[in-house]
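S.K.: Just a sequence and a predicted model for now, questions to come.
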Amino acid sequence: NCGAAAGPRLNNNQLYKFSYTTEVLVDKTKGSKEGSAGYRISSDVDVNLVWRDPSSKDDQLIQLVISNVRLNPASRRSEKKNVLHGSTAESVLGKTKLAALTKPFLLHLRNGKVRAKAFYSYWAEPATIKNLKRGLASLLQVQLKTGKVIENDVSGRCIVEYKAVKGQVTRTKILETCKTAETGFTTHSQVMGVSRKSSSVTVFTLEDGFIRSAVADETHSLAVNTRRSTAAKVVSKQTLTLVGTEAGPLEVAGKDVAGVVKSIDAKLAAVGIVAEKVKSQCKGCPSVSILTAEICEHVGIATVKSHRNQKWSDCVGFGLSDNFTIGLCFLFQISVTNLGTQQKLLEPASLSKATAPRSFLALIQGIRKASKDEILKVLKSASKTSLPQVVDAVTSSQTTASLDAMLEFLNFTDTKGFVLQERFLYACGFASHPNERMLQALTDIKESVVIIMGALVHKLCQKGECNLPTVVQVKKLLLDSPESRQVESEVQMYLLALKNSMLPEAIPIFTKYAESELGSYSTIALTALQRYDVKLMTNEVKQTVNRVYHQNRRIYEKNVRAAAADVILSSNPSYMEVKNLLLSIGNLPHEMNKYMLSKIQDILRFQLPASKVIQKAMRDMISHNYDRFAKVGSSSAFSGFMAQSADVTSTYSLDILYSGSGILRRSNMNIYGASKGATLHGLQVAIEAQGLESLIAATPDQGEEDLESFAGMSALLFDVQLRPVTFFKGYSDLMSKMFSMSGEPMNVVKGLILLTDHSEVIQLQSGLKASAEFQGGLAIDISGGMEISLWYRESKTSVNNRYALVVTGNVTVDMDFMRAGVEVSFETEASLDFITTVQFSEYPFLVCMQMDKTTFPVSEYLTKYESLSSGKSVVSHKSKKQLVPGSEFPLHQENSNMCKKVFDSSW
């Protein structure tokens with residue numbers, strides 16, 4: 001073959017001597033090399049030709065031998081901060097691993113490329129050693145002409161782009177195309193998720209068609225979408241430099257590669273060029289409960305003395321992350337009923353503190369490593385008050401063992417365990433990466449869990465798993481049940497489940513129930529339709545919603561018509577739809593006139609999508625005139641910004657609709673988050689009241705004369721509709737509640753939620769692996785209440801939100817013998833209160849809305865660590881804290897004027 005070379009060609013009887021270094025650094029995204037954690041492995045490498053196909057000069061079998069291995073920090077360190085000070089390669093790796101690393105291995109190159117199986121080493125070698133060899137071998141793969149190809153290397157099967165200029169070839173690996181056996185998981189919500197940016201570029205310098213040097217730079221940066229300063233990176237660099245040549249061994253005779261390999265060493269095997277999984281092997285390791293005693297001791301927490309005979313170094317998995325360490329420690333303390341300080345951090349009184357979600361995340365890390373029996377010990381030993389929070393953590397762990405433990409621990413036939421059952425169900429609903437088995441487990445419990453089943457169906461369909469047998473079964477149950485049920489509460493339950501499922505097939509069902517005679521059905525159906533993509537709003541759906549608003553077929557309650565208006569205005573309304581809405585203003589009940597005016601003005605002021613067509617319709621003086629736009633009342637709709645940054649935009653909306661008598665009809669507070677084009681409905685708290693006019697001898701509005709006395713609250717949290725809460729239902733219940741009313745708010749949601757959950761293994765081209773884990777925990781306490789004073793003719797509704805958020809990110813490069821990592825985190829504690837005070841002693845009645853956030857702290861932490869299997873470690877910490885001043889969110893000027901009157905008249 002006298003044609004041009006496809007890749008580097010080695011000469012027979014020649015030994016090529018290279019120097020080789022591979023280094024890895026981990027740090028925060030903007031960190032410098034000098035301050036990074038990491039290490040460098042340096043060695044000499046001898047390369048020689050073993051065999052060449054006589055018919056093709058580019059079909060070569062090559063031998064590589066690593067020698068003179070050295071280990072050093074990746075950057076300059078003082079002796080005190082150098083974990084490798086005084087160490088040698090043998091003392092760190094051990095004799096066995098060092099001997100394996102320096103053992104010769106073979107690489108079969110054809111036209112400069114490596115086939116998937118064309119890497120020969122020994123099956124008995126540790127996976128980490130084989131992966132390091134694969135990383136070196138992958139560096140010899142190069143083509144000499146420009147083009148895009150698919151290649152196999154240590155990173156997997158990837159698309160690679162080559163650019164060749166005189167004496168130099170640049171190889172760019174398109175990392176998102178790499179296919180490997182190792183998979184991770186991530187949060188379904190992009191807003192609460194983690195983004196990764198990666199690059200891998202290798203520059204080859206060539207002389208006479210052979211490699212003089214190869215320099216590979218690879219960077220992976222991971223950041224939390226909601227706060228991109230909480231970010232970490234891993235940087236990998238390989239340098240291979242030819243230092244000289246000398247006489248080498250002659251080619252081996254043989255017909256094919258397999259025969260030649262066998263003649264050299266029968267134990268050599270085609271182990272494959274793609275990196276293999278690294279499994280932690282642990283001989284004679286103690287159980288999790290015993291191991292945690294040693295871990296607790298390692299981090300300075302006193303534990304049971306009888307376990308001290310177990311050695312930390314007995315386990316390969318010595319380098320446990322800080323979260324896992326604390327998690328196991330907490331796990332152990334619970335299992336021996338010695339909870340101490342850690343358990344107090346999960347008591348209800350601590351849920352507004354950042355220590356609660358931090359302990360929650362730590363516990364999840366521990367539980368993910370625990371067996372079913374160990375998890376059951378944790379559940380059975382927890383105190384009565386901390387048990388609901390432990391249930392949150394166990395369920396959020398989402399392992400087979402944790403789900404089995406919960407199903408065995410909870411008795412769903414016992415009504416006394418309702419609180420724990422509901423916490424389990426909500427944690428399932430908020431699951432970051434649910435699977436079919438979790439959904440199947442819920443179908444085996446009882447029908448009351450269908451609301452959460454709907455949420456799981458939505459998440460599984462988002463993952464492309466809509467056709468799994470259990471998902472298909474549950475979809476059929478949800479779609480068929482509303483029609484087959486007779487009891488009002490059961491129909492509502494299935495409609496709410498369908499609302500959570502967001503199934504396109506449910507749109508005809510919601511369209512039908514939108515025109516129901518029961519206001520509760522109509523409200524659920526209309527609010528569900530508002531959540532769908534505008535593209536799914538067919539003409540039939542729009543016609544139905546318009547019929548409801550304009551009461552073409554029957555009279556509807558105000559809150560139903562208001563919900564219909566919301567659907568119309570958020571579904572890309574036509575010119576005529578908007579014009580008809582405007583023309584209706586002036587012919588509505590007093591307070592609804594004011595509500596619709598406020599809604600239109602809010603859309604214009606906040607420049608929502610419907611604003612352009614509204615402006616066009618308002619050019620018509622019949623639609624837009626003083627008589628129509630000067631209606632008085634206290635109902636309102638207002639939107640505003642809670643926070644705006646380069647990472648995330650958070651908005652809120654407050655809609656208040658009153659009856660003509662001045663009593664609250666509907667209060668709706670929404671909070672949305674938007675990041676990188678994605679939107680998350682973070683919170684919705686809706687309070688509804690009806691049939692209360694008899695209390696103040698007032699006349700009900702049209703269509704509401706026969707409504708039963710009722711007040712209740714429903715919440716939607718992170719796109720999951722929760723079970724509604726009833727304050728009272730029926731006149732007798734109302735009167736008993738009024739006389740026993742304490743003024744204390746009723747709890748709607750209380751617990752711990754795993755908001756962010758991202759785990760992946762990043763295979764580096766050097767053969768090293770980086771593990772990235774990001775978790776975000778939220779402790780939340782939402783309560784609401786309603787007070788009515790007939791004496792002072794005043795009512796007050798309140799929604800109180802208390803929360804603490806902790807997000808941690810851990811990136812670790814972990815080998816059996818050496819480990820480097822970085823942990824970035826931030827935490828905050830905040831509260832948000834929404835209070836509405838109404839004085840209805842005269843008309844128009846006085847309404848004051850207040851939305852306040854308190855001053856809250858934001859803390860950021862950075863930890864870098866390096867450790868050896870001997871237990872020697874170096875850790876550094878940094879932190880930054882700031883206070884964000886509290887404020888009262890601005891509402892419209894009319895509200896400010898009202899508040900002045902309300903509080904001036906109060907005593």
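M.R.: Perfect, thanks for sending it. In this text, all values refer to a predicted model and were calculated from it rather than measured experimentally. Numbering: from 1, shown residues only.
S.K.: Who are the contact partners of A223?
M.R.: 29, 194-195, 229-231 (CB atoms under 8 Å, 6 or more residues apart in numbering). Heads up, the C-betas are built off the backbone N, CA and C, glycines and all.
S.K.: among these, which are in strands?
M.R.: Assigned to strands by DSSP state E, the following of these qualify: 194-195, 229-231.
S.K.: Q893: which of those is nearest?
M.R.: Nearest to Q893 among the ones in strands among the contacts of A223: S229, at 36.1 Å, using CB to CB.
S.K.: Mind checking what secondary structure N12 has?
M.R.: On the three-state scheme (DSSP: H, G, I helix; E, B strand; the rest coil), N12 is labelled coil.
S.K.: Excluding chain neighbours, give the residue nearest to it in space.
M.R.: In space, and not counting its chain neighbours, N12 is closest to E251: 5.1 Å by CB to CB, 6 or more residues apart in numbering.
S.K.: Sticking with that neighbour, tell me its helix or strand.
M.R.: Here E251 is covered by no helix or strand, with elements defined by DSSP states H and E.
S.K.: how many other residues sit next to it?
M.R.: Residues lying near E251 (other CB atoms under 10 Å) number 16.
S.K.: who's in contact with it?
M.R.: Counting by CB under 8 Å, 6+ apart, E251 makes contact with 12-13, 49-52.
S.K.: same thing but at 7 Å, please
M.R.: Going by CB atoms under 7 Å, 6 or more residues apart in numbering, E251 touches 12, 49-52.
S.K.: do T205 as well
M.R.: With contacts defined as CB under 7 Å, 6+ apart, T205 is in contact with 167-168, 212-213.
S.K.: for those, which one is nearest K579?
M.R.: Of all the contacts of T205, K579 sits closest to Q168, with 67.0 Å by CB to CB.
S.K.: Name all residues that make contact with that closest one.
M.R.: Contacts for Q168 (CB under 7 Å, 6+ apart) come out as 203-206.
S.K.: Which ones among the contacts of E251 map onto strands?
M.R.: Applying DSSP E to these, the entries found in strands are 49-52.
S.K.: Next, give me the two most distant ones among the residues you listed.
M.R.: Largest separation among those by CB to CB: V50 and R52, giving 8.6 Å.
S.K.: Compare the two and say which one has the larger neighbour count.
M.R.: A count of neighbours by other CB under 10 Å puts V50 above the other of V50 and R52, at 24 against 19.
S.K.: What's the separation between that one and S263?
M.R.: Computed as CB to CB, to the nearest Å, the V50 to S263 distance reads 10 Å.
S.K.: before we move on, what about D655?
M.R.: 82 Å.
S.K.: neighbour count winner among the two?
M.R.: D655 (22 against 14).
S.K.: For that one, which three-state class applies?
M.R.: At D655 the chain is in strand, as set by three-state DSSP.
S.K.: Please look at it and N670 and confirm they touch.
M.R.: No - using CB atoms under 7 Å, D655 makes no contact with N670, being 8.1 Å away.
S.K.: Give the helix, strand or coil label for the residue nearest to G712 when sequence neighbours are not counted.
M.R.: Once flanking residues are discounted, G712 sits nearest to T726: 4.3 Å by CB to CB, 6+ apart. The assignment at T726 comes out as strand when based on three-state DSSP.
S.K.: Quick check: T726 vs F606, distance?
M.R.: 33 Å.
S.K.: Between these two, which has more neighbouring residues?
M.R.: Neighbour count, other CB under 10 Å: between T726 and F606, F606 has more, with 15 against 12.
S.K.: Distance of the closest residue to that one other than its chain neighbours relative to Y672?
M.R.: Distance criterion CB to CB, 6+ apart; nearest residue to F606, sequence neighbours excluded, is S639 at 4.5 Å. Shown here: S639 relative to Y672, a distance of 9 Å by CB to CB.
S.K.: Need the residues touching each of those two.
M.R.: With contacts taken as CB under 7 Å, 6+ apart, S639 and Y672 have T651 as neighbours in common.
S.K.: circling back to that earlier point, what's the PyMOL syntax to select whichever of the contacts of T205 are buried?
M.R.: A single PyMOL command selects the buried members of the contacts of T205 (16 or more other CB atoms under 10 Å):
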select buried, resi 213
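S.K.: what's the lowest-pLDDT member of the contacts of T205?
M.R.: Lowest pLDDT among the contacts of T205: G167, with 88.
S.K.: so the residue nearest to that one when sequence neighbours are not counted bridges to which residues?
M.R.: Using CB to CB, 6+ apart and skipping the chain neighbours, the partner closest in space to G167 is L206 (5.6 Å). Judged by DSSP bridges, the bridge partners of L206 are I211.
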